[in-house]
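Engineer: Okay, sequence plus prediction incoming.
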Amino acid sequence: MLSEREILSGTSKRASLVNRPRRTRRTENLRRMVRETHLSVDNFIYPLFIAESIKEEVEISSMPGVYRWPVERVAREAEAVAALGIPAVLLFGIPDFKDATGTEAYNPNGVVQAAVREIKKAVPELIVITDVCLCEYTDHGHCGVLDASGYVLNDPTLDLLAKMSLSHAEAGADIIAPSDMMDGRIGAIRAALDDGGFENTPIMAYSAKYASGFYGPFREAADSAPAFGDRRSYQMDPPNTREALREVELDIAEGADMIMVKPALAYLDVIARVKDRFDLPLAAYNVSGEYSMLKAAARLGWLDEERVVRESLTAIKRAGADMIITYHAREAARWLKS
Ligand code: PBG
């Protein structure tokens, strides 16, 4: 057995150890100086849920700290987001009335359209991105219109998505973000925006959006769970990455200005591959379930929240995301300031 003294004096050939990565890890300033990835509030996008006919904000039980906002209050919340230095919000609407074709989605006085106007009036410099998808507006909860067998029809859905996008742009949305995963939707939306005189309104395409279990809490938040079946016939199959590259390529060919991978944490390899191959600004969506997992563990005292949130967001950036859509944005912005 070695004595403690023998162990501490070291028996390896110390002099031959030329490379010692630990040399640059010794102090915080050394670590800071050689740090490769920096988290910044500049890259955060904060999602906001706006619900019709509520009088006050309602916390979403599976997403502590995240609320549904009434139209009348959302501008104040947007001001608070902007005051933290967060450059953009992403809006989701929860209408009272739902039907088979999602009529409220393209109502010029719909909940999102009204919220866009309120926010742009109160904080004109804040970038307002709107999610374009029918699932919050259809009574069956699917992202498009259905045939008799319950299959989501692609091409008839495109017209509705285009109408919805145009009505968001007319209300003042700065960026249109389609999340439906229909084939050809970027082209259809681009054409509708151009025809409507919105050729300068960019499209942020949810290009590689997977059929993920991590959307669970969002569906409570947005009241958008499918009434039957699942989304696997339009959202991507989680095991695929080459298909993700193909989806991104198609969206770019159709006119996407920004591309997205969603979810983020379980798909860092996809983010890295997309970043490697394509030059457009790349967003990653750190989705509801990813948020809830860390919140829940932190509440139980099992994880240090600030530490794991910073680590997770940094990982998303390190993988290659330029922008991060995250429910942690408000808190993270505060931590980054201090
Ligand atoms: C709408 C949409 C969803 C999310 C963003 N846009 C839900 C879904 O596809 O079922 C999920 C966001 C999240 O989980 O945070 N289609």
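Structural biologist: Perfect, thanks for sending it.
Engineer: so what's residue 259 up against?
Structural biologist: Going by Cβ atoms under 8 Å, 6 or more residues apart in numbering, residue 259 touches 204-205, 207-208, 248, 251-252, 274, 278, 280-283. Placement of C-beta: from N, CA and C, glycine included.
Engineer: repeat that for 7 Å
Structural biologist: Neighbouring residues of residue 259 by Cβ atoms under 7 Å, 6 or more residues apart in numbering: 205, 207, 248, 251, 252, 274, 278, 280, 282.
Engineer: Please tell me how far it sits from residue 134.
Structural biologist: 21 Å (Cβ to Cβ, to the nearest Å).
Engineer: what's the answer for residue 89, then?
Structural biologist: To residue 134, residue 89 is 21 Å away according to Cβ to Cβ.
Engineer: Get me the contact residues on the stretch 151-300 of the chain for the ligand.
Structural biologist: 179, 215, 218, 219, 224, 231, 287, 288 (Cβ under 6 Å from any ligand atom).
Engineer: Just send these back as a markdown table, with secondary structure too.
Structural biologist: Formatted as a markdown table, those follow (DSSP: H, G, I helix; E, B strand; the rest coil):
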| residue | secondary structure |
| --- | --- |
| 179 | coil |
| 215 | helix |
| 218 | helix |
| 219 | helix |
| 224 | coil |
| 231 | coil |
| 287 | coil |
| 288 | helix |
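Engineer: Number of residues surrounding whichever residue of the stretch 1-150 of the chain sits closest to the ligand?
Structural biologist: Scanning the stretch 1-150 of the chain for the residue nearest the ligand gives residue 133, at 3.8 Å (criterion: Cβ to the nearest ligand atom). By the criterion of other Cβ atoms under 10 Å, residue 133 has 27 neighbours.
Engineer: Spit out the contact partners of the spatially closest residue to residue 257 that is not a sequence neighbour.
Structural biologist: Among residues not flanking residue 257 along the chain, residue 202 sits closest, at 3.8 Å (Cβ to Cβ, 6 or more residues apart in numbering). Residues near residue 202 by Cβ under 7 Å, 6+ apart: 175, 257, 258.
Engineer: And residue 44, by the same measure?
Structural biologist: Neighbours of residue 44 in contact, by Cβ under 7 Å, 6+ apart: 86, 324, 326, 329, 332, 333.
Engineer: so how far is residue 109 from residue 122?
Structural biologist: 18 Å.
Engineer: on that earlier part again, was I right about the residue of the stretch 1-150 of the chain closest to the ligand contacting residue 180?
Structural biologist: Yes. When contacts are counted by Cβ atoms under 7 Å, residue 133 is listed as touching residue 180 (4.4 Å).
Engineer: between those two, what contacts are shared?
Structural biologist: Contacts common to residue 133 and residue 180, judged by Cβ under 7 Å, 6+ apart, are residue 143.
Engineer: Based on its surroundings, how many neighbours for residue 254?
Structural biologist: Residues near residue 254, counting by other Cβ under 10 Å, number 18.
Engineer: got the contact list for it?
Structural biologist: Residue 254 neighbours (Cβ under 7 Å, 6+ apart): 184, 186, 187, 190.
Engineer: Now secondary structure too, for these, in a markdown table please.
Structural biologist: Output for the contacts of residue 254, formatted as a markdown table (three-state DSSP):
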| residue | secondary structure |
| --- | --- |
| 184 | coil |
| 186 | helix |
| 187 | helix |
| 190 | helix |
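Engineer: out of the residues you listed, who's nearest residue 46?
Structural biologist: The closest of the contacts of residue 254 to residue 46 turns out to be residue 186 (Cβ to Cβ; 23.9 Å).
Engineer: Excluding chain neighbours, what is closest to that closest one?
Structural biologist: Nearest to residue 186 is residue 254, by Cβ to Cβ, 6+ apart, at 3.8 Å.
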